[in-house]
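# A predicted structure for the sequence below; I have some questions about it.
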Amino acid sequence: MAAITPEIENVQEEASTQRKTPFMEMVDNLRRSTSGKIGLFIIVFHILLALTSPFIVELMPQDPFTREAGRNAAPSLQHWFGGDEQGRDVFTRTLLGGRTLLLVTIFGTTLAMGWGSFVGIMLGFLGGRADEIIMRLVDAFLAIPWLLFLLLIVGIVGTEPWIQMLTLGFFYGIPAVRVSRAATHDYVTREFVLAARARGEKKITVMFRELLPNVLDVLLVEGAMRWSWMLLAFISLSFLGFGVPPGGERTDWGLMISQSRRIMALQPWATFGPIIFLSSLIIGINLFADALAKALGLDRSQGAPV
Amino acid sequence: MIRLIGRRIFFALLTLLLVSLIVFISVEALPGDMATAYLGRDATPESLAVLREEFGLNAPAYQRYFSWLGGIVQGDFGDSLVRDKPVSEIIGNRLRNTMVLAITASLVGIPLAIFLGVFTALTRDRWPDIVVSTISIFGMTLPEFVTGTILVYVFAIRLKWFQGVATMPSDAPIDAEFFNIIALPVATLTLVMVAHILRLVRTSMIDVMISDYVQMARLKGVPARQIVFRHALPNAMLPTINIVALTIAWLLGGVIIIEQVFNFPGIGNLMINGISDRDLALVQAIAIILAAFYVGINLLADLMSLVLNPRLRTARGH
């Protein structure tokens, strides 16, 4: 029975006159993936939490900024994750801790995929000398351990969210150039692109109307993976002390983990709390990215780490 | 063949040259220079001018770039103004420590990853595969410092088997105690590395095991062990070489974080300190050294797959 079903669907797809872009096919495939749905659910949960947590915390009796929980206090009914080194309530701080992270990485990924795929499609479409030179530069950039570069820039220029957003957005767009360029190469010689050029369409129109819809699926998978890697980069920077400044109005999981590690023998929950929230978000994004990649028939195990 | 190898080496060197240019330009483009970093808040326009003259910062950028590059080729990374010592002297022992850490992790991790990859491929979709694959997904997706922190909690704080902090002088002799101290950092690096490599070995092993020639060998009645080790594994290893190289290259970045987690006196720890006190000469030197390793390892992997896979030799080398 299961073997027959895909065939029936194929027939139906061919019968409809509307041509489906690869992107629409991928969305259809994604609907059938359980792990993809779980991943998406976790992501939506975290985004909603990030948007509403200041109001939730406002309503709760605990205060994340005063020292009412008691130093290194063990978890209790009042303070679910106990208190941290300075006696602040860990649970409410954890609820607030993903906001900067999500803000920076969501906009950072959008920026990276935006410029990266624009340049990539353009190079793949136009080719020529500029293409060769820029790809050499891309290779050189990829030969630098990234963390090093991010540290260099964020460490010296500053750690404000917008600087991090621009820095991460710039660096994580570089591999996107390569991916979108390769994907574009599959389509530049197709009839519909040639036809569009023969019609005398502007180059920019061909790029956006003919090429972009066809490579959108690849870009989306790439974007989901870039997001998870950018998140790792951000959280690692903030663990190393190049993120949200300590003692301010903002909290951050990476910072909380790096500070609470010192009291882990006394009060492990001050460390575990942020670890649980952070890990669930990362796993959610990875489940979603994996499901996307599978829906597209890509194998994620070939991807580069971080 | 020799032309192909020459070509790869040429491009690796070209990449390295571009990297040095990028590192130089980005440090150049950052606000402040060595003089402002050296003087800090005490800077007055006069003292800055004097210092710039002394350090030769008034020369045009391209001249400074070439003299910097020329120094590196001869093994001279310049002087650290903040630490008032030649950079190579500061880096020396710490680079050694980092190398010991990375090499130990690779020696443990790569064979383990290949073994587990083959093991999970052979027990595909049964419980050993499911258990190992699930753990490896966690190792792959969680940040290194989370993995490290969890290991410290379990093995240093609860079980008290190893030290949670790698406190030792940077010129500690490499002996049994050294390896005892670096047990947990190595374990963390190994875990993450194994997770990355294992997954690819597993996939490529599964691909090979269902291929025609393995089926053929089976039908011929070749013993299972011989099929795995003589027929399947050598072919499954080929795509693995590149991911191993990528992972070792990742190791160089990951080591920065791990060293910070365990307070290990290595090059990554030094780099963080260098950034905090704006020791630009030191940071530039570390960036170039790490990039050189990265390019070198990738080149080695390229050459190895060229030697092992005759099909690549006829393809256009690019």
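Sure, I can see it. The structure displayed is predicted, hence computed values, not measured ones.
# contact residues of the stretch 151-300 of chain A facing chain B?
By CB under 8 Å from any CB of the partner chain, the residues of the stretch 151-300 of chain A that approach chain B are A:151-153, A:155-157, A:228, A:232, A:235-236, A:239-242, A:254, A:257-258, A:261, A:264-265, A:268, A:271, A:275, A:278-279, A:282-283, A:286, A:299. C-beta: built from backbone N, CA, C; applies to glycine.
# low pLDDT regions in the chain?
By default, I'm working from chain A. For chain A, the stretches with pLDDT under 70 are A:1-21, A:143-145, A:298-306.
# was after chain B, sorry
In chain B, residues with pLDDT under 70: B:30-42, B:55-56, B:310-318.
# any idea how far the nearest residue to B:Glu28 once chain neighbours are set aside lies from B:Phe24?
For B:Glu28, ignoring the flanking residues on the chain, the nearest one in space by CB to CB, 6 or more residues apart in numbering or on different chains is B:Ala61 at 6.0 Å. Look at B:Ala61 and B:Phe24: by CB to CB, to the nearest Å, they are 8 Å apart.
# can you check B:Asn269 too?
24 Å.
# what do you get for B:Leu280?
With distances taken as CB to CB, B:Leu280 is found 10 Å from B:Phe24.
# ok, now B:Val87?
Distance from B:Val87 to B:Phe24, by CB to CB: 15 Å.
# the two: who's more crowded?
B:Val87 (23 against 20; other CB atoms under 10 Å in any protein chain shown).
# residues near the nearest residue to that one once chain neighbours are set aside, how many?
Nearest non-adjacent residue to B:Val87, counting by CB to CB, 6+ apart: B:Phe77, 3.9 Å away. Neighbours of B:Phe77 under the rule other CB under 10 Å: 22.
# which parts of the stretch 151-300 of chain B sit against chain A?
Within the stretch 151-300 of chain B, the positions lying close to chain A (CB under 8 Å from any CB) are B:152-153, B:157, B:196, B:199-200, B:202-203, B:243, B:246-247, B:249-250, B:252-254, B:256-257, B:260-261, B:271-272, B:275-276, B:278, B:283, B:286-287, B:290-291, B:294-295, B:298.
# do the stretch 1-150 of chain B as well
B:14-16, B:18-19, B:22-23, B:26-27, B:30-32, B:137-138, B:140-146, B:149-150.
# next step: those restricted to helices.
Using DSSP state H, the members of the residues of the stretch 1-150 of chain B next to chain A that fall within helices are B:14-16, B:18-19, B:22-23, B:26-27, B:137-138, B:140-141, B:144-146, B:149-150.
# A:Asp217 contacts A:Phe23, correct?
Yes: using CB atoms under 8 Å, A:Asp217 and A:Phe23 qualify as a contacting pair, with a distance of 4.6 Å.
# out of these two, which sits in the busier spot?
Using other CB under 10 Å, the more surrounded residue of A:Asp217 and A:Phe23 is A:Asp217, with 23 against 18.
# mind listing the strands for chain B?
Ranges of strands in chain B, per DSSP state E, are B:79-80, B:85-86.
# please name every helix or strand in contact with the first one.
By that I understand strand B:79-80. Packing contacts for strand B:79-80, counted by 3 or more CB pairs under 8 Å, 6 or more residues apart in numbering or on different chains; DSSP states H and E, involve strand B:85-86, helix B:87-122, helix B:280-308.
# which residues touch that strand?
B:Lys85, B:Pro86, B:Val87, B:Ile90, B:Asp279, B:Ala281, B:Leu282 (CB atoms under 8 Å, 6 or more residues apart in numbering or on different chains).
# of the residues of the stretch 151-300 of chain A next to chain B, just the buried ones, PyMOL syntax please.
Those of those that count as buried under 16 or more other CB atoms under 10 Å in any protein chain shown are selected in PyMOL with:
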select buried, chain A and resi 151+152+153+155+156+228+232+235+236+239+240+241+242+254+257+258+261+264+268+271+275+278+279+282+283+286
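# which single residue of the stretch 1-150 of chain B ends up nearest chain A?
Relative to chain A, the nearest point of the stretch 1-150 of chain B is B:Leu18 (3.5 Å; CB to the nearest CB).
# that residue contacts A:Leu137, correct?
Yes: with contact defined as CB under 8 Å, B:Leu18 reaches A:Leu137; the gap is 6.7 Å.
# burial of the closest residue in space to B:Gln226 that isn't next to it in sequence, as a residue count?
Leaving aside its chain neighbours, B:Gln226 sits nearest to B:Ala217 (7.9 Å; criterion: CB to CB, 6+ apart). By other CB under 10 Å, the residues close to B:Ala217 number 18.
# list the residues that contact B:Ala217.
B:Gln226, B:Ile227, B:His231.
# just checking, the second one touches B:Arg218?
Yes: B:Ile227 sits in contact with B:Arg218 when judged by CB under 8 Å, with a separation of 6.4 Å.
# measure the residue lying closest to B:Val108 once chain neighbours are set aside to chain A for me?
Take B:Val108 and drop its neighbours on the chain: the residue closest to it by CB to CB, 6+ apart is B:Thr190, 5.1 Å away. B:Thr190 sits 14 Å away from chain A, going by CB to the nearest CB, to the nearest Å.
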